[in-house]
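Q: Below are the sequence and a predicted model; questions follow.
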Amino acid sequence: MADGNGGGMPQLEALAQYVKDLSFENPNAPRSLGPQETPPNISIQVNVNAKPMGPNEFEVELMLEGKAGEGESLLFSFDLNFAGVFHLENIPENHVHQVLMIECPRLLFPFARAVLANAVRDGGFPPFLLQPIDFGQLYQARTAEAGQQNMNS
């Protein structure tokens, strides 16, 4: 990968995007489809992974896991692994990790959100619109967390 010193303009190109794995569960249907007395508690976990595929090409996975409700009142749960293959050119080596963990999932997110909204709607519920995620803030939090773990080791 170029060191970024006069090697041309930095480029980030999405070559492909796809659903790698999708699970949607509606375990209490049809009872869960009726009116609810209180809004469900919604919990969501977000993870991002990246791995090299070849020279300047990387697969980035955006994993979204969540559920609405708990125990007997569980309405639905989902697990989505939405991925993309990205080509990076003229990006300094010390910035590649940030691009992979911030910019690539930012590009994947609107499409993953649409997949989830459709799955929830097809499960019999109103569309579920996941709020935008600040991947820069998520990256900083995970980096700080990893730094704390290294200091405690």
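A: Yep, it's here.

Q: how far away is the residue nearest the centre of the chain from Arg113?
A: With distances taken as CA atoms, centre = their mean, the residue of the chain nearest its centroid is Leu62 (3.0 Å). Applying CB to CB, to the nearest Å, the value for Leu62 to Arg113 is 10 Å. For the C-beta atoms, the positions are set from N, CA and C on the backbone; glycine is no exception.

Q: What ranges does the chain have for its helices?
A: 93-98, 104-122, 135-152 (DSSP state H).

Q: tell me the most buried of those helices?
A: Highest mean neighbour count of the helices of the chain: helix 104-122, a mean of 18 (counted as mean count of other CB atoms under 10 Å).

Q: who's in contact with the helix-or-strand element of the chain with minimal mean pLDDT?
A: Lowest on mean pLDDT, DSSP states H and E among the helices and strands of the chain sits helix 135-152, with a mean of 80. With contact meaning CB atoms under 8 Å, 6 or more residues apart in numbering, helix 135-152 is reached by Val46, Val48, Gln98, Met101, Ile102, Glu103, Pro105, Arg106, Phe109.

Q: tell me the contacts of the last one?
A: Spelled out, it's Phe109. The neighbourhood of Phe109, defined by CB under 8 Å, 6+ apart, consists of Leu62, Pro132, Ile133, Phe135.

Q: Recalculate using a threshold of 10 Å.
A: By CB atoms under 10 Å, 6 or more residues apart in numbering, the contact list for Phe109 reads Val46, Leu62, Leu64, Phe82, Leu130, Pro132, Ile133, Phe135.
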